[in-house]
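Colleague: Take a look and give me a structure for this.
(one chain, ligands or ions: 1)
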Amino acid sequence: MTIYQNLIAGEWVGGEASDNISPSDTNDIVGAFSQGTAKDANQAIAAAKAAFPAWSRSGIIERHSILRKAADEIIARKDELGKLLAREEGKTLPEAIAETVRAAQIFDFFAGEALRLTGEIVPSVRPGISVELTREPLGVIGIITPWNFPIAIPAWKIAPALCYGNTVVFKPAELVPGCAWAIVDILHRAGLPNGVLNLVMGSGSVVGQAMLDNPDLTGITFTGSTGTGKRVAIASIEHNRKFQLEMGGKNPMVVLDDADLDLAVEAAANSGFFSTGQRCTAASRLIVTEGIHDKFVAALTERLKRLNVDNALNRETDIGPVVDEKQLQQDLDYISLGQQEGAKLAFGGERIERQTPGFYLQPTLFTEATNQMRISREEIFGPVVNVIRVKDYAEALSVANDTPFGLSAGIATTSLKYATHFKRNSEAGMVMVNLPTAGVDFHVAFGGRKASSFGPREQGKYAAEFFTVVKTAYTQP
Ligand code: TXE
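Modeller: Numbers count the residues shown, from 1 in each chain. Okay, the predicted model is just below:
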């Protein structure tokens, strides 16, 4: 079997490899991938450091055309890459292909951004002197990514890093090396000079930790759990390093009495259950006012009955498996906890078997939940959603904001007054009106508040805030 190796200083290298299995079918081996060591991580950082002076001064046409070429190849291979993603991570084929297309759009966007770099010239307070403000690349960037968007998240970190002239060491999540390898292979063949982009697959505690401990990384951009995010922050402060964190969510979706019922049910089903609920922007708290509560719960339950949980590659599948045994056990533990806490299990809750052996879980709905229960406060990261009954809009807003997190928040209402008030007063980074809480555009800012995020926003033009540093130059002619 081919061993997919790490890319360090432009060479494919690697020792020990381990097999990666599909969560839809544990007999299906996706591939054998090299497991990097701390030494590999340090060599990759040294290579990226050596490549930085030339790449940071490279021409914008070179950056543009490499990113553009990568975008073109990803689009041309969207079905094949989407299938790899669905096999490896377990989201359905249409979701996986859509994510692959989005990655191509991101590379295309940043190919364009390379041609649109600007600065400012402003008058000084001292006559006869001019002040120039320019953005320079940050340096050597460590990119540490999770398993839930294994092509899109690497794309939205790697594309701006390269666009603005940085060099990269990329460590993907243990469960999704195949998608990471494919993206790096495409960029490498698109013509990146050696050492500009390095891939080190392997465990977080070995490869990831070695990256955190290496003082030559000038920036780290991380998406993953709150616990690991804190480690990134602490290690980065030690090294005076810039860092950007995207972490969990416990996103609310408010449903008001005046909502369009069908729209609210569809948005809730999508937000809570699509992609197996494994999206940081998933809505896991449905906050529903009294007048519509029973109708909404009945209609949502009917909708859940029609959702087909099965192998991610089957055409009829609506929801694929949970990503692995450990995450499935975490979901089941939270389902038991919810029952102990006194929430009512209105639908689902059981592990299920399908034709192929995998990690299948029924979509699970709790009703009569309170916002103080642990199932309402902690990120479960599975297809498990709580309905919290409230009196009116004021209580709904207060419950929506009463959470340690603040990534995304939604409201279903036909009232302009409540929609406008909610947009202004929600404490989330992203607010959706009559739309699912998940599903965002690739060309605008992405990020949260409170325990969900730290540092500048990702994506769109806002990505420049993290991946560049501003220089202020004064000139007296
Ligand atoms: O996350 P980790 P995991 C949440 C979700 C999920 C839980 C665990 O609740 O159940 O996190 O998922 C790397 N130094 N989210 O275990 O461990 C790791 O190898 C440096 C929510 O996958 O945070 C991987 O590449 N790096 C989230 C990345 O960190 C380390 C998406 C993320 O893994 C490291 C994913 C270390 N010491 C999980 N330890 C969201 N909301 O989007 C691990 N890593």
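
Colleague: from here on, contacts and neighbour counts on C-alpha atoms
Modeller: OK.

Colleague: In contact with N425, which residues are there?
Modeller: Neighbour list for N425: L397 [criterion: CA atoms under 8 Å, 6 or more residues apart in numbering].

Colleague: Sorry, slip of the keys, the one I care about is T167.
Modeller: Counting by CA under 8 Å, 6+ apart, T167 has contacts 48-49, 51-52, 55-56, 139-141, 161, 195-197.

Colleague: do the same with T356
Modeller: S24, D25, T26, N311.

Colleague: quick one on the thing from earlier: okay, the contacts of T167 in a markdown table with pLDDT, distance to the ligand and neighbour count next?
Modeller: What follows is the contacts of T167, written out as a markdown table (pLDDT from 0 to 100; distance: CA to the nearest ligand atom, whole Å; neighbours: other CA atoms under 10 Å):
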| residue | pLDDT | distance to the ligand | neighbour count |
| --- | --- | --- | --- |
| A48 | 99 | 18 | 29 |
| K49 | 99 | 19 | 22 |
| A51 | 99 | 23 | 21 |
| F52 | 99 | 22 | 22 |
| W55 | 98 | 26 | 24 |
| S56 | 98 | 26 | 19 |
| G139 | 98 | 19 | 25 |
| V140 | 98 | 16 | 28 |
| I141 | 98 | 13 | 31 |
| A161 | 99 | 18 | 28 |
| G195 | 98 | 20 | 27 |
| V196 | 99 | 20 | 28 |
| L197 | 99 | 17 | 29 |
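
Colleague: would you list those in TSV and tack on secondary structure?
Modeller: Output for the contacts of T167, formatted as TSV (DSSP: H, G, I helix; E, B strand; the rest coil):
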residue	secondary structure
A48	helix
K49	helix
A51	helix
F52	helix
W55	helix
S56	helix
G139	coil
V140	strand
I141	strand
A161	helix
G195	coil
V196	coil
L197	strand
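
Colleague: Go through the residues you listed and name the one nearest I3.
Modeller: L197 (19.6 Å; CA to CA).

Colleague: ok, for that closest one, nearest residue in space, not its chain neighbours?
Modeller: Nearest residue to L197 in three dimensions, chain neighbours excluded: V168, at 4.8 Å (CA to CA, 6 or more residues apart in numbering).

Colleague: Confirm that neighbour sits in a strand?
Modeller: Yes: under three-state DSSP, V168 falls within a strand.

Colleague: Help me confirm that V206 comes into contact with Q35.
Modeller: No: using CA atoms under 8 Å, V206 makes no contact with Q35, being 9.7 Å away.

Colleague: Mind checking which of the two has more residues around it?
Modeller: Each of V206 and Q35 has its neighbours counted (other CA atoms under 10 Å); Q35 has more, 22 against 15.

Colleague: now the more buried one: how far from Y334?
Modeller: Distance, Q35 to Y334, by CA to CA, to the nearest Å: 32 Å.
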